[in-house]
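> sequence and predicted structure, then a few things I'm wondering about:
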Amino acid sequence: MLKVDHLKTNPYVKIVSFLLFFICINFLLHILGHFHIAISCPILYFTGYYCPGCGISRLILSFFSGDIYQAFRFNPFVFILLIGGFFYLVISSIFHKSLKEKTLQKILFLLIILLIIYGILRNLESFSYLAPTKV
């Protein structure tokens, strides 16, 4: 009989859990897309400025539809983060290695700073290519 602690550390359980989550999200987004249900950004609605997360819903819908280029265009920063995070999870699960907590904190702090900079830049005229594409 398997112990619960063993299931938490088993890399195959992590990968299967991620795939099940991926399938559930795909199903949910397919239903949202089928009924043309859009999730609007409250920050964009009230301020008229794009937040760093604007375009994530359309990114995910495009990604699951197989339109990788358009997914990237909706939110390049988050697209790169998701792909990088996926590879980190797979590699750390396969090789049973993970970053130290202090290193993870530094990376998280850097990502927050980059996210703030990205949020500012995507609203400037000279960086308009960072804004989500119009549908």
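Okay, I see it.
> the helix or strand of the chain with the lowest mean pLDDT: what's the following helix or strand?
Least confident element among the helices and strands of the chain, by mean pLDDT, DSSP states H and E: helix 4-9 (a mean of 55). Next in sequence after helix 4-9, counting helices and strands by DSSP states H and E, comes helix 11-34.
> what about Tyr12, how many residues nearby?
Tyr12: 10 surrounding residues under other CB atoms under 10 Å. Placement of C-beta: from N, CA and C, glycine included.
> got the residue ranges for the strands in the protein?
Counting by DSSP state E, the chain has no strands at all.
> and Ile112, how far from Leu81?
According to CB to CB, to the nearest Å, Ile112 stands 12 Å off from Leu81.
> neighbour-wise, which of these two wins?
Taking other CB under 10 Å, Ile112 and Leu81 do not tie; Leu81 has more neighbours (14 against 11).
> list the contacts of that one.
By CB atoms under 8 Å, 6 or more residues apart in numbering, the contact set of Leu81 is Leu111.
> that one and Lys97, how far apart?
Relative to Lys97, Leu81 is positioned 20 Å away (CB to CB).
> then Phe74?
In this view, Phe74 and Lys97 are 32 Å apart by CB to CB.
> who's more crowded, those two?
Phe74 (23 against 8).
> right, and the more buried one touches Ser65 too?
No: contact criterion CB atoms under 8 Å: Phe74 and Ser65 do not qualify, at 11.8 Å.
> centroid residue for the chain?
The chain has Leu82 as the residue nearest its centroid, 4.1 Å off, counting by CA atoms, centre = their mean.
> run through this structure and note the low-pLDDT ranges.
Applying pLDDT under 70 to the chain flags residues 1-11, 29, 32-38, 135.
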